[in-house]
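Asks: Build me a model from this:
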Amino acid sequence: QVQLVESGGGLVQPGGSLRLSCAASALTFSAYVINWYRQAPGKERELVAGISRVGESTNYADSVKDRFTISRDNAKNTVYLQMNSLKPEDTAVYLCNAHRTSWARTYDYWGQGTQVTVSS
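Replies: From the prediction side, this is the model:
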C-alpha cells in the first residue's frame, strides 16, 4: 500500500525556517513527480512547489519563489521542502502529492499533511 508521510511541521516565528520531509513507500519513487500543496482554513488547496522525477526541474508558486526550495533524494524515497523567511500567510497544512501519468491513466497519492503555523 502506497504511503506518503510528511514531517517537519510546527510553530515558527515570522522570518524563521522549517524543513518539511515527505517519505514515500511502496511505489517506484523515481517514476513520480512530487508536489507540495498547502491548504489554509477557508481557502482552496494551493500548489506550492513541484519537482520532476529525477529533480532536474522545479517550479514554485509566485508567493513562495525565492523563499522555498524543493529537492528530492530518490535513494531515500524522500522529498524535502526548505522554507525560509516564513510569513504568517504561509500558515497551512502542507501536503505531499505523488503524481504520474502512464498510458493515459493518472496516478495520484497524498499524504495526511503536516501543520505549519507562522506566528509570533
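Asks: beta partners of the residue nearest to the spatial centre of the chain?
Replies: Centroid check for the chain by Cα atoms, centre = their mean gives residue 36 as the closest residue, at 2.5 Å. Assessed by DSSP bridges, residue 36 has beta-bridge partners residue 49, residue 96.
Asks: which ones are touching it?
Replies: 20, 22, 47-50, 70, 79, 81, 94-97 (Cβ atoms under 8 Å, 6 or more residues apart in numbering). From N, CA and C alone the C-beta is placed, and that goes for glycine too.
Asks: Tell me the buried residues within those.
Replies: Neighbour counting with 16 or more other Cβ atoms under 10 Å marks 20, 22, 48-50, 70, 79, 81, 94-97 as buried within these.
Asks: Quick one: these as a markdown table, columns for distance to residue 110 and pLDDT too.
Replies: As requested, those are exported to a markdown table (distance: Cβ to Cβ, whole Å; pLDDT from 0 to 100):
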| residue | distance to residue 110 | pLDDT |
| --- | --- | --- |
| 20 | 14 | 98 |
| 22 | 10 | 98 |
| 48 | 14 | 98 |
| 49 | 15 | 98 |
| 50 | 14 | 98 |
| 70 | 17 | 98 |
| 79 | 13 | 98 |
| 81 | 15 | 98 |
| 94 | 12 | 98 |
| 95 | 6 | 98 |
| 96 | 7 | 97 |
| 97 | 6 | 98 |
